[in-house]
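Asks: make a model of this:
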Amino acid sequence: MKIKPVHVENSPKRIRVRGKARLRVVQGAKSGTNHVSDARAYWAKRRNHQYFKKAALVVKDRWPSFQSILDVGGGNSRFLDRFEGQKAVADINPKSNLYKVDEVEFYVTDGTLRQFDEDSFDVVVCLQTIEHDMPEPADMVRVAKMGVVVSYPYRWKVGTACHQGKDRQWVERKMGCEAVAHFVVMDNGLGRGLAVFEPFKP
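Replies: So this is what the prediction gives:
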């Protein structure tokens with residue numbers, strides 16, 4: 001299935017990030033310093049987290065015939081390494097891409113998915129992103145033909161305000177519909193909710 005982003009004036013444009021995997025530059029802890037964050041090592045640790053494994057199992061078990069998948073906000077997680085077929089990432093930061101050239105289609109967005117047509121992908125995943133004031137998260141259901149998997153911090157009492165007080169009712173309100181399945185997965189004493197949504201398209 002060919003992805004056809006909607007190109008309108010001032011809309012985010014699709015780009016190909018050239019070269020090999022990149023490291024993300026972030027502000028250092030000390031004032032006036034910068035350091036290069038080894039994002040590959042950061043996410044390598046999390047690739048063994050149970051919520052990553054569970055999300056991949058949900059995708060494979062629930063939609064075994066899927067042929068295309070979009071990861072929203074996951075350019076530096078390499079979650080899509082678990083899958084075959086057409087793979088794409090939508091992210092607000094073009095420097096967040098850690099995939100090599102031609103591994104994925106990388107789309108720079110304004111945080112929304114307006115540039116994508118309805119049913120552009122079989123499956124959409126969004127892991128630990130929706131809680132960061134993501135605009136129009138319910139649009140993921142429009143873009144997905146088969147379903148959506150969303151992970152979020154489940155009833156955390158740590159971290160910043162955006163990480164705290166989230167539960168199934170919260171994620172369903174954000175998505176604008178009820179989850180067809182919901183799981184709570186524990187990693188190092190912290191729970192992450194995994195909510196599964198399937199579009200109703202008569």
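Asks: of all the helices and strands in this protein, which has the lowest average confidence?
Replies: Taking mean pLDDT, DSSP states H and E as the measure, the helix or strand of the chain with the lowest value is strand 24-27, at a mean of 29.
Asks: mean confidence score for the longest strand along the chain?
Replies: With secondary structure taken from DSSP state E, the chain has its longest strand at strand 144-153. Average pLDDT, strand 144-153: 96.
Asks: can you show me the helices along this structure?
Replies: 39-46, 50-62, 139-143, 168-175 (DSSP state H).
Asks: just the CA atoms of the longest one, as PDB, please.
Replies: Same thing as helix 50-62. Extracted in PDB, the C-alpha atoms of helix 50-62 (Å, rounded to 0.1, in the frame of the first residue of the first chain):
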ATOM      1  CA  GLN A  50       7.900  -6.000  29.300                       C
ATOM      2  CA  TYR A  51       5.700  -3.400  27.800                       C
ATOM      3  CA  PHE A  52       7.800  -3.300  24.600                       C
ATOM      4  CA  LYS A  53       7.500  -7.100  24.300                       C
ATOM      5  CA  LYS A  54       3.800  -7.000  25.100                       C
ATOM      6  CA  ALA A  55       3.100  -4.300  22.500                       C
ATOM      7  CA  ALA A  56       4.800  -6.300  19.800                       C
ATOM      8  CA  LEU A  57       2.900  -9.500  20.800                       C
ATOM      9  CA  VAL A  58      -0.400  -7.700  20.700                       C
ATOM     10  CA  VAL A  59       0.300  -6.400  17.200                       C
ATOM     11  CA  LYS A  60       1.400  -9.800  15.900                       C
ATOM     12  CA  ASP A  61      -1.400 -11.800  17.600                       C
ATOM     13  CA  ARG A  62      -4.300  -9.500  17.000                       C
END
